[in-house]
Structures are given as structure tokens and as C-alpha cells.
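Student: sequence and predicted structure below; questions after.
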Amino acid sequence: MSTHQNLFANIGYQNFKQFAADDTLTLHEKIGFPNAYRENKEEVILKDILSKLTHLNKTHKTIVDIGAGCGQLTLDLIEHCQTHHHRLIMIDSEEMLSNLPDVECVVKMPGCFPFEMMDQLDVLRGSIDAVLCYSVLHYIFQEGNVFAFLDQALSLLALGGQMLIGDIPNHSMRMRLFSSPTGISFHQDFTQTNSLPQVQHHEIMFNTIDDSVLMSLVTRTRLQGCNAYLVPQHPTLPMANRREDLLIHRP
Ligand SMILES: C[S@@+](CC[C@H](N)C(=O)[O-])C[C@H]1O[C@@H](n2cnc3c(N)ncnc32)[C@H](O)[C@@H]1O
């Protein structure tokens, strides 16, 4: 197990900048994951993303990746975009993006989305075929205004555009899991103990996304003129039993 496991509690954009520049960390750790959560899982994760952001399977599209990171999943996405002749606009800190290769199809847009880059976003509004924001929303929820994030991201979509806000930890889903016999066995296998998982209902959960947040994002997206769906992750994904995806289609 990684010696860096405790580093990843309560982190945000500034912490990620430090991780990105810290060469004692692995690529998984630079993006805030203990190795065990991502190692060798990138292929199934990308496959799941491609099954939802179907424009990525076409050619010559313009894609924006918000909170791109620098792990193997990101490198695989770059390769996919190269072979499909897409233009891939990658948004993250300068430090994080500097870990990525400079390839022709990639445009690096350093900064904290959305407010550090409003001028550049103005140029892109209404022109993006697919927006990906994977494993990032919970950091934005803690640090920023999740509705401002959503509105800015929606404004990028072209007609017929797609957006996947993926890998969202949902506390309510986690509590449903751990209230069930399936979740209790899962917890006991994971901890190698006979203990029961902690289940909190009707308590204040600071900085935590739950059904109320996700349902309100769905409602807001729909009232902003796009279709929105909460969809499951493929069951082979490492956190599919407690995370889900928000998929958006602009008509
Ligand atoms: C857990 S990593 C996910 C990286 C990548 N999407 C993946 O799934 O492999 C979260 C990333 O989001 C970036 N990030 C967090 N908040 C951001 C914001 N407001 N604007 C741009 N990047 C952000 C962090 O720097 C970090 O690289």
C-alpha cells in the first residue's frame, strides 16, 4: 500500500499543483489516487467514457477535458484523440499540464476552471462537441460554486454536444450500499474484519455530494435547455458501487 495514502484527504486545486510537481509521487498519486484505485483500470474506465461520450468515437471533433490530470487515463485519452484526429483542449493547473506530452492535437489551457480563464472560454462558447470532467466535481463542490461550474461548462457545448461529468462520489449511494447485505460483505472483504460499515443518515456531511446535489444539477441542466441523466458506471470500474456519472446532451 502507498505510503502517501493520507495525503489524499481533503485536497483541492492548490494541493494538486504541489502533487503535480512532486517527483516522489507516482502518476496515480499526482492526481490524488492511491495506486490501487487506478492501476491497470484505465482501459475499462476509458471504454466506459467512450460508451457515453459517443462523439469521441467519431473523427475531427473538438473536445474539452476539465481537470485533465496527468495519469495513464489522460495519456490514453490523448492517444485516442490523436488517432481520431480530434482537437483536445486540456484544462488544469500549469504544473499538472506540464507533466503531459506536447502533441499536435492537444491545446493546453492552464488555470482553475472557470474563473481563471473567462476570456479563453468566451472564444469557445457554443463550439465544443464533447466536454469531459472526470473525477473532478467533488473538488469543485468543496472549493467553488458547483452551479457556476455547471453553467460555464454547459455554455461551451455546440448544438448536439455531449458532456460527461463522471466518477462522482455520491454519499447517498454509498449509504444505500452500506445499509445492504451486499455492502456489509463488501466492507468486510475490503477491511478483512467482521466490523460493520459506518452508516450516517440525517447528519450534516460537510463538503459531500449526495442525491440532493446531483438531482439539483440534473434539474438545473434541464432548465438550461439540455437533457441530463444520472447513469451508472460499468460494474468493472473500481468505485462503481458508490460513484455515478452525470451525462448531458444538448439537443
Ligand atoms: C482526481 S484528478 C482527475 C484527473 C483526470 N480527470 C482523471 O480522471 O484521471 C482531479 C484533477 O482536477 C484538477 N482540478 C480540480 N479543480 C479544478 C478546477 N477548478 N479547474 C481545473 N482543474 C481542476 C486537479 O488539478 C486534478 O488534476
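Tutor: Yep, that arrived. Residues are numbered from 1 along each chain as shown.
Student: mind checking if the helix or strand of the chain with the lowest mean pLDDT is in reach of the ligand?
Tutor: In the chain, no helix or strand scores lower on mean pLDDT, DSSP states H and E than helix 35-38, which sits at a mean of 84. No: Helix 35-38 does not reach the ligand (C-beta under 6 Å from any ligand atom); its nearest approach is 7.2 Å. C-beta coordinates here come from the backbone N, C-alpha and C atoms, glycine included.
Student: which residues are in contact with that helix?
Tutor: 1, 2, 26, 28, 29, 31, 71, 72, 73, 238, 239 (C-beta atoms under 8 Å, 6 or more residues apart in numbering).
Student: and the residue lying closest to residue 136 once chain neighbours are set aside, its phi and psi?
Tutor: Leaving aside its sequence neighbours, residue 136 sits nearest to residue 67 (C-beta to C-beta, 6 or more residues apart in numbering; 3.3 Å). Main-chain torsions, residue 67, degrees, to the nearest 10: phi 70, psi 50.
Student: cool, residue 12 as well?
Tutor: The phi/psi pair for residue 12 (degrees, to the nearest 10) reads phi -150, psi -170.
Student: what's the neighbour count on it?
Tutor: Residues lying near residue 12 (other C-beta atoms under 10 Å) number 15.
Student: mind pulling up the pLDDT for the nearest residue to it once chain neighbours are set aside?
Tutor: Closest residue to residue 12 apart from its sequence neighbours, by C-beta to C-beta, 6+ apart: residue 143 at 4.7 Å. pLDDT recorded at residue 143 is 93.
Student: just the one 5 residues further on next, same as before
Tutor: Here, the pLDDT recorded for residue 148 equals 97.
Student: from residue 115, how far out is it?
Tutor: Per C-beta to C-beta, to the nearest Å, residue 148 is found 8 Å from residue 115.
Student: next one: residue 65
Tutor: Distance of residue 65 to residue 115, computed by C-beta to C-beta: 18 Å.
Student: and the two? which has more neighbours close in?
Tutor: Here residue 65 and residue 115 are compared on neighbour count by other C-beta under 10 Å; more neighbours surround residue 65, at 23 against 13.
Student: wait, doesn't the more buried one sit right on residue 86?
Tutor: No: assessed by C-beta atoms under 8 Å, residue 65 is found out of contact with residue 86, at 10.7 Å.
Student: mutual contacts of the two, please.
Tutor: Residues touching both residue 65 and residue 86 (C-beta under 8 Å, 6+ apart): none.
Student: quick check: residue 209 is in a strand.
Tutor: No: assessed with DSSP: H, G, I helix; E, B strand; the rest coil, residue 209 is coil; it does not lie in a strand.
Student: buried sites along stretch 222-232?
Tutor: Going by neighbour count (16 or more other C-beta atoms under 10 Å), the buried part of stretch 222-232 is 226, 228, 230.
Student: now do the end-to-end distance for it.
Tutor: End-to-end span of stretch 222-232 (C-alpha to C-alpha, to the nearest Å): 19 Å.
Student: can you name the residues of this structure that neighbour the ligand?
Tutor: Applying C-beta under 6 Å from any ligand atom, one finds that the chain approaches the ligand through 13, 16, 31-32, 66-69, 71, 73-74, 91-93, 96, 112-113, 134-136, 139-140.
Student: can you list which of these are found in helices?
Tutor: Judged by DSSP state H, helices contain the following of the residues of the chain next to the ligand: 13, 16, 73, 74, 96, 139, 140.
Student: next up, the contacts around the second one.
Tutor: The one in question is residue 16. By C-beta under 8 Å, 6+ apart, the neighbours of residue 16 are 30, 31, 32, 92, 93, 95, 96, 139.
Student: I'm done for today, thanks for sticking with me.
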